[in-house]
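K.L.:
My questions concern the predicted model and sequence given below.
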Amino acid sequence: MCGDGILMEEFITQQEITKQYDIAAALKGETAGKRACVITFGCQQNEHDSQRIAGALQLCGYELTDDSSLADMIIINTCAIREHAEVRALSEAGQFKGRKQQNRSIKIGVCGCMAQQAHRREQIYKSYPYVDFIFGTDMHHRLPEIVQTVLNSKKRVSFITDKPHNEFGVISEGMPVCRDSKYKAWVPVMYGCNNFCTYCVVPYARGHERSRNSADVLAEVKGLVEQGYKDITLLGQNVNSYNGGCDFATLLTQCASFDGEYRMRFMTSHPKDASSALIDAIAQNEKIAKHFHLPVQSGSNRILKLMNRKYTREQYLEKAFEIKQKNPDISLTTDIIIGFPTETDEDFADTMSLVKQVGFDMIYTFIYSPRVGTVAAKMEGQIPKEVSNQRFKALSDMENDLAQELNYKFIGKKMRVLSDGISKNGTYCGRCTQNKIVNFDKPIPAGEFADVLIETVGSYQLNGKII
Ligand code: 5AD
Ligand code: SF4
């Protein structure tokens, strides 16, 4: 921090990164022949964090495994966005009690958004004595040091930044990333959030908004394209407030300027900040995917105000129509919270009517979950579960029909598809620029593009033949 509350980004120095590499190199004798497993809950940001954690563990000499029963080092990367995610992560941690009793040398760590919350840390200390270490969301670059401490300590250890929101959060460059795909990659452009939507735990768990330097982002994307990556997603809680040397529309356009066939995506935008420049950039650049995820959360102005979303239903509609008008074939998706405190039948009807008016290709619907420390958790008028469940079903039923109708326009069209190989149900599938699932009739190696003529459609998939 510098004077008068003006934020200085906390960039980790090259010296500190070199120190971590040295610690990792020194650990190799101790970790030889040992395996590590990272278990991930939550959003794309967490998935990417896990790839960084895996990269650092590999650097320390661990061999990575997906099978936790084979691992000597287990790290659970948790999510705190809703109670359900927390319960799942805690039950995962609980599974390791028996293993730890059988083999005390196994090390178990918990990180991510739950680890960042004081009440969850307390719970883990008390009720999960076999968890050896906890580290926070801005500690990934220090993993070699964390591993060294854990391996040499008989006590439980904790690496947590306990600072106010505006001072909490760092940016580190130069630590390895262990990507689990050879053709799809996440690239964070910014971390944290300053919006404080009243239901959301993210600003508390991930600190203040801070942007990577555009040169670092561009170098990473260029490197990925040269390695053959075909689908690259720029990540941030609110990419439109990116300020690492240029605005987000410029950054995205520059990322889409390298030679070769590939797609640039981004996630997520806040409606109050989604700019016309960004909407134009999508329309003008073939390499920028035709998909816009724009969380609306509610169609009721009263609820939007209580959520501290800082836009009205009318402003959202204007933005959505601008996106669709400038990009006729774009897929527009959203997040909606059902059962926010005091949500009436009229408020919910406003959400239903907004959904109808916009025509979303997909809605991620969540039942409101009170989060400790947030403003909404203290609000009166919490909505009974049964009411929320009914509203959830009504919205899903309507959206299933709307989404199918939107897909009819693709019948008879040739779509460029990036193959994902074979799906879990044994079909050949991939994704088009709209990020919709496309099923096709012949095997195409994962990571290769192919043209598919669409013959039939469902609500959330298109089906056709390779041409
Ligand atoms: N309860 C329910 N859904 C939530 N989200 C964020 N916080 C909560 C909460 N407390 C949803 C929002 C957000 C998405 C990532 O998760 O819709 O856009
Ligand atoms: Fe949470 Fe709102 Fe920030 Fe999104 S913009 S991460 S919903 S506080």
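P.N.:
Yes, it's here. Ligands and ions are numbered 1, 2, ... in the order given.
K.L.:
Next, give phi and psi for the residue of the stretch 251-400 of the chain found nearest ligand 2.
P.N.:
In the stretch 251-400 of the chain, the residue that lies nearest ligand 2 is residue 270 (5.1 Å; C-beta to the nearest ligand atom). For the C-beta atoms, the positions are set from N, CA and C on the backbone; glycine is no exception. Backbone torsions of residue 270, given as degrees, to the nearest 10, read phi -100, psi 130.
K.L.:
which residue packs closest to it, ignoring adjacent ones?
P.N.:
Spatial nearest neighbour of residue 270, chain neighbours left out: residue 238 (4.3 Å); criterion: C-beta to C-beta, 6 or more residues apart in numbering.
K.L.:
Make sure that neighbour is actually in contact with residue 195.
P.N.:
Yes: here residue 238 reaches residue 195: they are 6.4 Å apart, a contact under C-beta atoms under 8 Å.
K.L.:
so what sits against both of those two?
P.N.:
Listed as contacting both residue 238 and residue 195 by C-beta atoms under 8 Å, 6 or more residues apart in numbering are residue 270.
K.L.:
If you count surrounding residues, which of those two has more?
P.N.:
Applying other C-beta atoms under 10 Å to residue 238 and residue 195 shows that residue 238 carries more neighbours, namely 22 against 17.
K.L.:
where's the more buried one relative to residue 161, distance?
P.N.:
Distance, residue 238 to residue 161, by C-beta to C-beta, to the nearest Å: 21 Å.
K.L.:
do residue 105 as well
P.N.:
29 Å.
K.L.:
Ok, residue 456 next?
P.N.:
52 Å.
K.L.:
Among the two, which residue is more densely surrounded?
P.N.:
The neighbour count for residue 456 versus residue 161, taken as other C-beta under 10 Å, is higher for residue 161 (16 against 13).
K.L.:
Can you classify that one as helix, strand or coil?
P.N.:
At residue 161 the chain is in coil, as set by DSSP: H, G, I helix; E, B strand; the rest coil.
K.L.:
Please apply the same query to residue 418.
P.N.:
Following three-state DSSP, the label given to residue 418 is strand.
K.L.:
partners of it in the sheet?
P.N.:
Beta-bridge pairing for residue 418 (DSSP bridges): residue 431, residue 449.
K.L.:
Now the nearest residue to residue 68 once chain neighbours are set aside, what are its backbone angles?
P.N.:
Closest residue in space to residue 68, ignoring its immediate chain neighbours: residue 37 at 4.5 Å, by C-beta to C-beta, 6+ apart. Per-residue torsions, residue 37: phi -130, psi 130 (degrees, to the nearest 10).
K.L.:
Quick check, residue 37 in contact with residue 73.
P.N.:
Yes: between residue 37 and residue 73 a contact is recorded at 7.3 Å, counting by C-beta under 8 Å.
K.L.:
so how far is residue 351 from residue 382?
P.N.:
In terms of C-beta to C-beta, residue 382 sits 18 Å off from residue 351.
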